[in-house]
Structures are given as C-alpha cells and as structure tokens.
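S.K.: Just the structure for this:
(chains A, B, C and D)
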Number of protein chains: 2
Amino acid sequence: MRPSPSLRQLRYFVAVAETGNFRRAAERCGVSQPSLSLQVAGLEEILGARLISRGRGKIAPTVVGREVLTRARRILDETNALVDLAADIATGLTGMVRLGTSPALGPYFLPGAVSALHRAHPDLKLYVREAPPRRLLQELERGEHDMILTQLPVAGADLQAVRLFREPLLLVVPVRHPLAKREAVREADLAGLSLLSMGPDYVLHEQVAALCANVGAHLEQAYEGTSLDALRTMTAMEMGICLLPALYVASEVARGPGDVRAVPFAGGRVARSVGLVTRRRGGNERAFQRLTEVFRDVARSRGADGLRAES
Amino acid sequence: MRPSPSLRQLRYFVAVAETGNFRRAAERCGVSQPSLSLQVAGLEEILGARLISRGRGKIAPTVVGREVLTRARRILDETNALVDLAADIATGLTGMVRLGTSPALGPYFLPGAVSALHRAHPDLKLYVREAPPRRLLQELERGEHDMILTQLPVAGADLQAVRLFREPLLLVVPVRHPLAKREAVREADLAGLSLLSMGPDYVLHEQVAALCANVGAHLEQAYEGTSLDALRTMTAMEMGICLLPALYVASEVARGPGDVRAVPFAGGRVARSVGLVTRRRGGNERAFQRLTEVFRDVARSRGADGLRAES
DNA sequence: AATTTCGATTGGAAATTCCTATCAAATGCG
DNA sequence: CGCATTTGATAGGAATTTCCAATCGAAATT
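M.R.: Okay, the predicted model is just below:
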C-alpha cells in the first residue's frame, strides 16, 4: 500500500514545472532548494514515475509529469477554494442550514421569511423539515437539524434559544356561538366552556391546559387536533371551541368558508412566544444570528397580524 | 496568511463525519483517537470554523462541516485518482506523448503507425510535430518533444536511440534517362552523374554526400530540395537525379504522374536507418518502449515496401 | 582557466505527528 | 442509586517528517 502524496509535495512539483528551475521554484515556495528537491523526489517515489526530466538547462515535465501537473493544480485550487468557502460559511453568509419547524407554525410564517432570507443572503440555503415540537427537540439534540423554529419555552441544558416574536392566540368559535358576536373576549369568558386543543406533543397543548385550569374551562380530552386545520374544522362542527394562533387565523380563517369566527382577547395578553433554537457549541452561531435577524425583521413587518417582534 | 489544510486532516475529518464517532474514525484511519482528535481540531483552527458539533452521543457535522465534507471527499478522491493515473501512465498505457518527426519520414510512415498505436493502446495519445531533423534534435534536447522519429544516426550523449527499421533508398531518374530502363542499378552506375539532395539539415544529405564522394558522382550544390516532393519535381524537370526513400516512392511516385522512374539498387544495400530517439533519464521509458514495439510491428507489416524491421 | 550556477547529497535542527496515560463528563446497567 | 464503561480532550514524551546550511560534482558562462 503506497503512501499518499501530500499537498506540500504537489505544490513544490507544480512550482518546478511552472518555473522550469529548482532554485527558483524553491524561492517561490519559500524553502531551500534541497528541501524542495527532496520533496519532489519523494513525490516521484510515491507515484512510481519520473515527473521531471532533469538535465542542466533542460528541466521539463515528462509525459507522466504533465498529466500529474494538471491534476495537481486542480487539487491545489480546490483546497484553496475550500479554505475560502469555509471562511464564507463561517460568516453565516453561505451554506445550507437544516431548519426544523412545527407544522403549527412553519407554513404560516416561513413563506415570507424564506424569501426575505434569500434576498438578504442569496447563497444561504434552507432545508426545511416539519415535525411536532417534542420530536423537533429530540431531533435537534440528535443533530438532525441545525436549528428549529418552535414555540417557546423549550427545555434542554444543551440548547440555546432566542425569542423572535410574540404571537396572539385568538378564540375561535362557531359562527352561531354566543361569543361570536363579541369584538373581544376576556379569559374569564371561557369559564365552563369546552376547549379543544392540539395533542400533548405541542407546547400549545400545555398552554391551553394551563389556561383552562386557570379560568375553570374544560379541556376536551376525547378529541385532540392533529393540526390547526383539524381544530378549526372540529370547532365549525360545534365539537368545542379552540385557541388558534394569529398567523394561522390571518392565513386560514380570514379567508375560510366563514363557518367560524376568530375573536381576539382584550389586551392581547393570551399569546405564544415563538423562537429559534439551536444546540450550544453547535458550530452554527453565525448562521443562527443571521436567521434570527432576518426572522425578527419579517415578524416586524407582520405587525398587522398582531405579531410583536423582539428587538 | 493561513496555513493550508493537509490531506491527512481532511482524511481524518471525513472519517469522523462518516462514522459519527471519534474513536471509530481513529480505528478506521489506523491512528489513536487523541491524534485524530487533534488533527480535526487543527483543521477547525485553520478553517476558522467548527466542523463537528460535539456532545456525548451527539456528533454531527455543522453547516460548515457538511460543505467541507463534500469538498474534502472530492479532493481526496482526486488525489487517489492521481496516484492511480500516475501508475497507468508510468506503464506507458495512457497519457499524451509529444512526438517530433521529420517531414521526409513522418507523413509516409505515421498514418499506419498511429492507427496501430491507437488500436493497441487506446488511452495513449500522440501529439505529432514536424521539423527538419537538426531542429528536431535540438528541440528534443530542450524538452519540446518527448521523443522523435528520425533517420539515424543521431549524435548526443544524453540521447537514447533504437532502430526501428532499415528503409531502402531508390534511384529516381526522369523517364527518358538512360538508367530508367534498368531493373536495378549499382552504386558505381552513379559515377559522373549529378545528384540532387535535401539540405544539410537532413541526415539524408550527409548520406547522399558520402555516396557521391565514394562513387565519384557530383553532388549538386546550386539546388537543394526543401522536401522530397521538391526533389521529385526537380528530377522530373531533368535538373538532376536523386535518391528517395522507399516509403515515399511507394506513396508518391508509384501513384504519381509517371514523369520519373524509381530504380532499386541491386541487393538493396543503399538504405537509411530509421529510429526512435528520446532523452536518457527522460522519464518516458515505458511509453518509449510501447512506441518502439508498435512501430516495429508496423514496419514488419510494410515488408512489401522493402522495409526491414528490427526484431 | 576561473567563476558561477545548478540539482543532489549529507548531517543536524526544528516542526509535525504520533503514542500512551489520564482526566472529566456522560451514558448504560444491575 | 452506585458502579462500570464509553467518549473526546489534555498532557508529556517519542518517532517521523521536513527543514536548513554546507558541500559536492557537473555543466555553463565569463
């Protein structure tokens, strides 16, 4: 099994082939001529072929040498490009980021966010994958995502989270429901009512459960939504009422069949926090910063939907 | 100015990224885990970016790491291919050979020879350039050709020559010349006649000059041919008679306008030697051997033209 | 003939890469 | 829960690689 050539050997050989002179090649490479001579000889030994035809005043690459020269140049160029590329990616301006996101969030926020990101950093690519938030966290910890967009809070000592924005939750009731006529509701108005919720894999579930316990509403356990659309449909069928995020309401209820009504809470105090999460020491800090900045900008531009961006 | 990564570092990094475990990567590379760990850390230092996100049971490439991984693999593959390629070329089975040839020889021998060479070694490419034999030799010594096809003998301590074949020279006279009716001539028949020759850049010139001196013929100095065609034309115009090589005669006289006749010498003792020449220690020995073998085979197949191949 | 230039060789120094041993932290198992 | 195992990093010393200056022999130049 032959040893592999080193980049150093390739560099020295290319310099000899290009200058046609060992002494000048050595100067160019910043080493002494004997060192360079020995490295080129070592390369010839490894490859089992004479690469340079030597004679006084008659230095030239051989047949083998010329082919090796072409390839060596390519390898060296690619290595230089690798160094340049790493520097670019490390600034967070290029590369591919694997973003995990919750289906209760991603589809309603990311379309605008992705195009804004592309405008700001055209060489930064996003690979987006959805999973319920509990699974998202596990996958992040396992290295399957570089970062995730999800509702806060998240638990994990090894995780780093930043808040992007607060998003109001709206009460969604059937159109014939008594609360449908209200311009706004208060938490206390939920007392004694039956609330539908997402499954326990969602932070939203916990938030709704806590609210029910707090105001004396009933959290419906027999039926759980597997998506926000499912919740909306069950509400329209008068199986209960539910809380839906503002972005979803703006996207799917405002333009829906009109069988439900979304009523905001007075003061907008019922809201969820949405953030970006990554692993500490995950090596993606720059990209994380870039996404944070862009996503906060996007949230800022969605003030009309009730989003309150973190500054 | 940053140092350049080494292939060793790239290899170790790829092994970590592929195995997802430093210990197993080290085993794969045949070094101890701390050595491997330090090299990967060194690579991260050089590139200025974290390539591997480390956590217990949570090893994964970062955004940067994934791009670097793709490129590192390519660089390593190309380096392996370089080693394989050098081995192939060194066997003389592939690569490009720069062949210099005399215009008084190449056009009449090489068409058949090149196709035979291509059949025997499809990956071996020939780059053919013509120059008068004196210039050919200088260019060979200067490394502008890898080898040359030319008439022997050649002088040069740094050169290595093999004879491919002996090629008879035929007397070419105008059709109305007294010797035109002969089936064969002897050297002594040239006594007192005026012979045309190529210029002094050609070995053929020296051979004809020596023959004239030997048999008492007159070497015409006022006119010299710049090509074999020019010699034939001057002979047709009765400016003298000349000696032309058998391959040329077979190619251009037998099928020409019939204004000259080619008469062989009895016993075929007037002949030129044709050989292949390269620089000693030029590094092209294998390719040189390959061409020698193939060209001798081709010469063997041209026995009807009077060629006597070297065995 | 004397001097300069070139690539190779030699001996020793410096730098790089390696090893073993060990540590600290996390995980797995009984 | 306590102990054993596993993992990647750290430290000290050894081995290997790469370097340097000096020198050599041969060729080219003056």
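S.K.: State the distance from whichever residue of the stretch 151-300 of chain A sits closest to chain B to B:Thr62.
M.R.: Nearest residue of the stretch 151-300 of chain A to chain B: A:Gly283, at 2.9 Å (CB to the nearest CB). The C-beta positions use only the backbone N, C-alpha and C, and glycine is treated the same way. Here the criterion is CB to CB, to the nearest Å. By it, A:Gly283 lies 3 Å from B:Thr62.
S.K.: can you list residues touching both of those two?
M.R.: Listed as contacting both A:Gly283 and B:Thr62 by CB atoms under 8 Å, 6 or more residues apart in numbering or on different chains are B:Ala49, B:Arg50, B:Leu51, B:Ile52, B:Ser53.
S.K.: for A:Ile241, what are its contacts?
M.R.: Counting by CB under 8 Å, 6+ apart, A:Ile241 has contacts A:Leu171, A:Val172, A:Val173, A:Pro174, A:His177, A:Leu179, A:Leu193, A:Ser194, A:Leu195, A:Leu196, A:Thr235.
S.K.: what is it paired to in the beta sheet?
M.R.: Here A:Ile241 sits in beta bridges with A:Leu195, going by DSSP bridges.
S.K.: Skipping its backbone neighbours, what lies nearest A:Gly258 in space?
M.R.: What sits nearest to A:Gly258 in space, not counting adjacent residues and going by CB to CB, 6 or more residues apart in numbering or on different chains, is A:Val175, at 6.8 Å.
S.K.: Name all residues that make contact with the one you found.
M.R.: Per CB under 8 Å, 6+ apart, neighbours of A:Val175: A:Gly258, A:Asp259, A:Val260, A:Arg261.
S.K.: give me the low-pLDDT residue ranges for the stretch 1-150 of chain A?
M.R.: A:1-2, A:56-57, A:92 (pLDDT under 70).
S.K.: count of residues packed around the residue in chain A positioned nearest to DNA strand C?
M.R.: Residue nearest to DNA strand C within chain A (CB to the nearest atom of the strand): A:Pro34, separated by 2.8 Å. As a burial measure, A:Pro34 scores 10 neighbours (other CB atoms under 10 Å in any protein chain shown).
S.K.: just checking, what packs against the helix or strand where it lies?
M.R.: Using DSSP states H and E, A:Pro34 sits within helix A:33-47. Where contact means 3 or more CB pairs under 8 Å, 6 or more residues apart in numbering or on different chains; DSSP states H and E, helix A:33-47 is packed against helix A:7-19, helix A:22-29, helix B:63-90.
S.K.: ok, now with 10 Å
M.R.: For helix A:33-47, the elements it packs on are helix A:7-19, helix A:22-29, strand A:52-53, helix A:63-90, helix B:63-90, judged by 3 or more CB pairs under 10 Å, 6 or more residues apart in numbering or on different chains; DSSP states H and E.
S.K.: how about the helices of chain A, start to end?
M.R.: A:7-19, A:22-29, A:33-47, A:63-90, A:106-120, A:133-141, A:203-215, A:228-236, A:246-248, A:285-300 (DSSP state H).
S.K.: Determine if any part of the fourth one is in contact with DNA strand C.
M.R.: In this case it means helix A:63-90. No. Helix A:63-90 lies out of reach of DNA strand C by CB under 7 Å from any atom of the strand, never closer than 12.8 Å.
S.K.: That helix versus helix B:7-19: what angle between them?
M.R.: On the basis of axes from the mean of the first three to the mean of the last three CA atoms, to 10 degrees, helix A:63-90 is oriented at 60 degrees to helix B:7-19.
S.K.: Mind listing what's buried along helix A:63-90?
M.R.: Under the neighbour-count criterion of 16 or more other CB atoms under 10 Å in any protein chain shown, helix A:63-90 has A:63-69, A:71-72, A:75-76, A:79, A:82-83, A:85-90 buried.
S.K.: How about it and DNA strand D, touching?
M.R.: No. Counting by CB under 7 Å from any atom of the strand, DNA strand D has no neighbours in helix A:63-90; the shortest distance is 14.7 Å.
S.K.: For A:Arg290, give me its contacts.
M.R.: By CB atoms under 10 Å, 6 or more residues apart in numbering or on different chains, the contact set of A:Arg290 is A:Thr91, A:Gly92, A:Leu93, A:Val97, A:Leu117, A:Ala120, A:His121, A:Leu124, A:Asn284.
S.K.: Just the buried ones from the residues you listed, in PyMOL syntax?
M.R.: Here is the PyMOL command that picks out the buried ones among the contacts of A:Arg290, judged by 16+ other CB under 10 Å:
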select buried, chain A and resi 91+92+93+97+117+121+124+284
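S.K.: State the pair within the contacts of A:Arg290 that is farthest apart.
M.R.: Farthest-apart pair in the contacts of A:Arg290 is A:Ala120 and A:Asn284; separation 17.1 Å (CB to CB).
S.K.: Run a quick check on the residue of chain A closest to DNA strand C versus A:Ala26, I expect a contact.
M.R.: Yes. Counting by CB atoms under 10 Å, A:Pro34 touches A:Ala26, with 8.3 Å between them.
S.K.: so A:Ser32 makes contact with A:Ala26?
M.R.: Yes. Contact status for A:Ser32 versus A:Ala26: in contact at 6.0 Å, counting by CB under 10 Å.
S.K.: the more surrounded of the two?
M.R.: Ranked by neighbour count (other CB under 10 Å), A:Ser32 and A:Ala26 place A:Ala26 first, with 21 against 12.
S.K.: Look at A:Ala258 and say how many residues are nearby.
M.R.: Small correction: residue A:258 is Gly, not Ala. 10.
S.K.: any idea how far A:Lys125 is from A:Met234?
M.R.: Separation of A:Lys125 from A:Met234 (CB to CB): 38 Å.
S.K.: do the same with A:Pro153
M.R.: 27 Å.
S.K.: Can you name the residues of the stretch 151-300 of chain A that neighbour chain B?
M.R.: Residues of the stretch 151-300 of chain A lying near chain B by CB under 10 Å from any CB of the partner chain: A:Asp158, A:Thr278, A:Arg279, A:Arg280, A:Arg281, A:Gly282, A:Gly283, A:Asn284, A:Glu285, A:Arg286, A:Ala287, A:Phe288.
S.K.: on that earlier part again, comparing A:Pro153 and A:Met234, which residue is more hemmed in?
M.R.: Counted by other CB under 10 Å, A:Pro153 and A:Met234 do not tie: A:Met234 has more neighbours, with 18 against 12.
S.K.: Excluding residues flanking it in the chain, which one is nearest that one?
M.R.: Spatially, and ignoring its direct neighbours in sequence, A:Met234 is nearest to A:Leu196 (5.5 Å; CB to CB, 6+ apart).
S.K.: Kindly report the same for A:Arg279.
M.R.: Using CB to CB, 6+ apart and skipping the chain neighbours, the partner closest in space to A:Arg279 is A:Asp158 (5.7 Å).
S.K.: who does the residue nearest to the spatial centre of chain A bridge with?
M.R.: By CA atoms, centre = their mean, chain A has its centre lying nearest to A:Leu99, at 3.1 Å. Counting by DSSP bridges, A:Leu99 is bridged to A:Val128, A:Met147.
S.K.: can you tell me which residues contact it?
M.R.: Applying CB under 10 Å, 6+ apart, we find A:Leu99 in contact with A:106, A:110, A:113-114, A:117, A:126-130, A:145-149, A:276, A:278, A:287, A:291.
S.K.: Check A:Leu36 too.
M.R.: Contacts for A:Leu36 (CB under 10 Å, 6+ apart) come out as A:8-9, A:11-13, A:15-16, A:22-23, A:25-30.
S.K.: Report the buried members of those.
M.R.: Buried among these (16+ other CB under 10 Å): A:Arg8, A:Gln9, A:Arg11, A:Tyr12, A:Phe13, A:Ala15, A:Val16, A:Phe22, A:Ala25, A:Ala26, A:Arg28, A:Cys29.
S.K.: Tell me which residues touch the fourth one, please.
M.R.: Yep, that's A:Tyr12 we're talking about. So A:Tyr12 contacts A:6, A:22, A:25-26, A:28-29, A:31, A:35-40, A:42-43, A:72 (CB under 10 Å, 6+ apart).
S.K.: Name the residues of the stretch 101-250 of chain A found near DNA strand D, please.
M.R.: Residues of the stretch 101-250 of chain A found near DNA strand D (CB under 7 Å from any atom of the strand): none.
S.K.: This completes my enquiry, with thanks.
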